[in-house]
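Colleague: with the sequence up front, the predicted model follows.
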Amino acid sequence: MRIAVLSGKGGTGKTLVSVNLTAAAQEAVYIDCDAEEPNGYLFFKPADIIEEPVTVMIPQVNNNLCIGCRKCVELCRFNALAYIMDRLLIFKEICHSCGGCVLVCPENALTESERAIGKIQRGISDSVEVSTGILNTGEASGVPIIKRLISMGSCEKNDPVHVDRPVFIDCPPGSACSVMESIKDADYCILVAEPTLFGAHNLNMVYELVKLFGKKYGVVLNKCLNGENPSEKLCIEKNIKILTHIPFDNELGILNSNGEIAVKKSEKYRDIFICLLEKVTKEVQNEGGVGA
Amino acid sequence: MRQLLILSGKGGTGKTTIAGAFIKLSFAEAFADCDVDAPNLHLITEQDVLPKKTDYYGLPKAEIDKALCTGCDLCRQNCRFNAISVYSDEEGTKKAGHCDAMCSGKVYKVDRFSCEGCGVCEYVCPVGAISMKPAVAGELMLYKNSERVFSTAQLKMGSGNSGLLVTEVKKQMKEAAGQNITKLTIIDGSPGIGCPVIASLSGADMVLIVAEPSLSGISDMERIIKTANQFQTKIAVCVNKYDTNTNNTEKIEAFCKEQKLPFIGRIPFDSEAVKAINDARTIVDIDCTSGRAVKEVYKETVKLLFDKGEGKEPVENSINIREQRGQSKP
């Protein structure tokens, strides 16, 4: 069972929900796909960390072989190559590693080498396996890190010992490539929304996204206050399943801002998240159609 | 002209709330929302004109003409994005890997979400069955009246590249404002540290970082500061919802002191702010504690932004003018 937690808007409680659901499940895997700003490890404080670099392939040129035909420059749609002052320049930060330039070079002057863009840390926190993607600052895209994280998580499927362990995927904010990559493999998507106009507007965007990807989904309404809740209104209008309401609560705010896992500190939140976990598990097992 | 960019690293710390307030306070004649995959600024900056909408084309997507395809499999083998799959029939049971010449009726298809538009498949196809087709990846919107220009956009769901669209949003703002520009332009940025953030950093004179007093907020602030430093942009920091965890707020202030970064104010948590936003207003449209605090942050921001003495007064004046005119929204 692979559960992705996403929200569109940032700061609505993706990490709160995914960390606490994982802790409620106990024997579980937590994957932090927000490689630009990973936070889950601050809560789990995993030990026995194993670190591996994530690299992408980028071209390098042998100037002795390059004849200046510019075929690679013409082929590259990302403008990562330029031929200036009788030399081929490679802008490695904007290279998408498509490998086209190497294929097109008639002189075999281009080869590929690995370039590190970030790393993955894996560790253990109680009975939870924690994997964190970390993008180096100044790098443009965490997608290669997310791909690696997700494929590592997929090994679970073929691992008879761990096949039952639920996997929780903490997604980046927004609705662009890194989010799409994070939810690709998920069996279910939890959309976390806050009770503001902003929250509702961005909830609508990720709702469109998970529909487009044909995922099952449900909404967690976080930071609920008395009074108007534009996100709840949207759910009712569009007939989107509401999984639970989490109240706006100073106690939870303090726990969370100090990097504590609420499920471990508070009876009340243990109950809320165990209940949510049961609901989500049922939703995943329920084969009857997509979504609400 | 000075360009102020508002960033935070972590999402939901209050970038748009503060950007909306700054736009009101400064009478900014040009501003933009660069959070193209979750734009919100248009919700609190009232518009009296309809936007001019333009389709935004990202990189093209590959399309396979099945009448020409011979099933040689080269495109699938060379695609680094795993965007090409082979199916045994039109509706498609997916085959594992390459199926040999024995299997009839196989169909090659491009997954448009995975295709990054590199064109390698088009290049390797020996029979010219693959072409790169233009694809709408989002929509640019420009609100323009005699007083101001507001540039924003929305990425189309399922389209990847937001960095390029951010560049287009800024270009659109600049072109529309033209020569008339103005003392100050305000850019609302996106969370994170990746391509849309890097694209928004180019051309910014100063970054205001809106931090949040949580461990996550502090960790994310440190990473966005490191990123902005790599691009050598001037930085100032303020804390939003500072009273939700005063210990952490103190840690942020101490960090700024240590890093010699100007710390320019604390904004309290304020339930009135939520009401203002839900009412499509900015927090300076109503009288509330967060609104008062954000005015102080604004004054400090302007001082730093126009550090060399120029341009300081007009903006301070604009606050006074505003107060004299009593322009709180009715």
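Modeller: Nice, thanks for sending it over.

Colleague: around chain A, pick out the residues from the stretch 151-300 of chain B.
Modeller: Contact residues, the stretch 151-300 of chain B versus chain A (CB under 8 Å from any CB of the partner chain): B:155, B:157-163, B:190-198, B:212-217, B:219-220, B:223-224, B:226-227, B:230-231, B:244-245, B:248, B:271, B:274, B:277-278, B:280. No exception for glycine: its C-beta is placed from N, CA and C like everyone else's.

Colleague: now, which of those lie within strands?
Modeller: Among those, the members found in strands (DSSP state E) are B:L155.

Colleague: just the residues of the stretch 151-300 of chain B next to chain A: which are in helices?
Modeller: B:162-163, B:195-198, B:215-217, B:219-220, B:223-224, B:226-227, B:230, B:248, B:271, B:274, B:277-278 (DSSP state H).

Colleague: any of those buried? List them.
Modeller: With burial judged by 16 or more other CB atoms under 10 Å in any protein chain shown, the buried subset of those is B:162-163, B:195-198, B:215-217, B:219-220, B:223-224, B:227, B:248, B:274, B:277-278.

Colleague: what about the residue nearest the centre of chain B, which SS state?
Modeller: Centroid-nearest residue in chain B, with CA atoms, centre = their mean: B:D35, separated by 2.2 Å. Classification of B:D35 using DSSP: H, G, I helix; E, B strand; the rest coil returns coil.

Colleague: quick one: residues contacting the closest residue to it other than its chain neighbours.
Modeller: Of all residues not flanking B:D35 in the chain, B:S190 sits nearest, at 3.9 Å (CB to CB, 6 or more residues apart in numbering or on different chains). By CB atoms under 8 Å, 6 or more residues apart in numbering or on different chains, B:S190 lies in contact with A:G174, B:L7, B:C34, B:D35, B:V36, B:D37, B:A38, B:S162, B:V166, B:P196, B:V197, B:S200.

Colleague: got JSON lines for those residues, with distance to A:R77 and pLDDT too?
Modeller: As requested, the contacts of B:S190 are exported to JSON lines (distance: CB to CB, whole Å; pLDDT from 0 to 100):
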{"residue": "A:G174", "distance to A:R77": "23", "pLDDT": "92"}
{"residue": "B:L7", "distance to A:R77": "29", "pLDDT": "97"}
{"residue": "B:C34", "distance to A:R77": "23", "pLDDT": "97"}
{"residue": "B:D35", "distance to A:R77": "25", "pLDDT": "95"}
{"residue": "B:V36", "distance to A:R77": "20", "pLDDT": "95"}
{"residue": "B:D37", "distance to A:R77": "21", "pLDDT": "90"}
{"residue": "B:A38", "distance to A:R77": "26", "pLDDT": "93"}
{"residue": "B:S162", "distance to A:R77": "17", "pLDDT": "85"}
{"residue": "B:V166", "distance to A:R77": "18", "pLDDT": "96"}
{"residue": "B:P196", "distance to A:R77": "19", "pLDDT": "93"}
{"residue": "B:V197", "distance to A:R77": "23", "pLDDT": "95"}
{"residue": "B:S200", "distance to A:R77": "22", "pLDDT": "95"}
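
Colleague: for the stretch 1-150 of chain B, just list every one of the helices.
Modeller: Ranges of helices in the stretch 1-150 of chain B, per DSSP state H, counting those that start in this stretch, are B:15-26, B:74-78, B:120-124.

Colleague: pick the most buried one from these.
Modeller: helix B:15-26 (a mean of 26; mean count of other CB atoms under 10 Å in any protein chain shown).

Colleague: may I have that helix exported as PDB, CA atoms only?
Modeller: In PDB, the C-alpha atoms belonging to helix B:15-26 read as follows (Å, rounded to 0.1, in the frame of the first residue of the first chain):
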ATOM      1  CA  LYS B  15       4.700  34.900   1.200                       C
ATOM      2  CA  THR B  16       1.500  35.800  -0.700                       C
ATOM      3  CA  THR B  17      -0.200  37.500   2.400                       C
ATOM      4  CA  ILE B  18       2.900  39.700   2.800                       C
ATOM      5  CA  ALA B  19       3.200  40.300  -1.000                       C
ATOM      6  CA  GLY B  20      -0.400  41.400  -1.200                       C
ATOM      7  CA  ALA B  21       0.100  43.800   1.700                       C
ATOM      8  CA  PHE B  22       3.300  45.300   0.200                       C
ATOM      9  CA  ILE B  23       1.500  45.800  -3.100                       C
ATOM     10  CA  LYS B  24      -1.200  47.800  -1.300                       C
ATOM     11  CA  LEU B  25       1.200  49.800   0.800                       C
ATOM     12  CA  SER B  26       3.500  50.700  -2.100                       C
END
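
Colleague: can you pull the pLDDT of the residue of chain B found nearest chain A?
Modeller: Chain A sits closest to B:G11 of chain B, with a gap of 0.8 Å, by CB to the nearest CB. The score at B:G11 is 95. That number is its pLDDT.

Colleague: so where's the stretch 201-330 of chain B shaky on pLDDT?
Modeller: B:308-330 (pLDDT under 70).

Colleague: can you list contacts of stretch B:295-303?
Modeller: B:4, B:18, B:21-22, B:25-26, B:184, B:206, B:208, B:236, B:238, B:262, B:264-265, B:267, B:284, B:312, B:315-316, B:319.

Colleague: run a quick neighbour tally on the residue nearest to B:S131 when sequence neighbours are not counted.
Modeller: Counting by CB to CB, 6+ apart, B:E63 is the residue found nearest to B:S131 once chain neighbours are left out, at 5.8 Å. Residues within reach of B:E63, counting by other CB atoms under 10 Å in any protein chain shown, total 18.

Colleague: just checking, B:E63 touches B:A129?
Modeller: No. Counting by CB atoms under 8 Å, B:E63 stays clear of B:A129, with 9.3 Å between them.

Colleague: list the buried residues for the helix or strand harbouring A:C275?
Modeller: Using DSSP states H and E, A:C275 falls within helix A:267-285. Under the neighbour-count criterion of 16+ other CB under 10 Å, helix A:267-285 has A:Y269, A:R270, A:I272, A:F273, A:I274, A:L276, A:L277, A:V280, A:E283, A:V284 buried.

Colleague: how close does A:S7 sit to chain B?
Modeller: With the distance defined as CB to the nearest CB, to the nearest Å, A:S7 ends up 8 Å from chain B.

Colleague: and that residue, what pLDDT?
Modeller: 95.

Colleague: the longest strand seen in chain B packs against which elements?
Modeller: For chain B, the strand with the greatest residue count under DSSP E is strand B:136-144. Strand B:136-144 sits against strand B:52-57, strand B:149-155, helix B:162-177, with contacts defined as 3 or more CB pairs under 8 Å, 6 or more residues apart in numbering or on different chains; DSSP states H and E.

Colleague: return the distance of that strand from the chain's centre.
Modeller: Put simply, strand B:136-144 sits 13 Å off its chain's centre (CA atoms, centre = their mean, to the nearest Å).

Colleague: what lines up beside it in the sheet?
Modeller: strand B:52-57 (antiparallel), strand B:149-155 (antiparallel) (DSSP bridges).

Colleague: what is the mean pLDDT for the last one?
Modeller: Confidence over strand B:149-155 (mean pLDDT, whole number) is 95.

Colleague: buried sites along stretch A:38-50?
Modeller: Going by 16+ other CB under 10 Å, stretch A:38-50 has these buried residues: A:P38, A:N39, A:G40, A:Y41, A:L42, A:F43, A:F44, A:P46.

Colleague: the residues you listed also near chain B: which ones?
Modeller: Near chain B, by the rule CB under 8 Å from any CB, you find A:N39, A:L42 out of the buried residues of stretch A:38-50.
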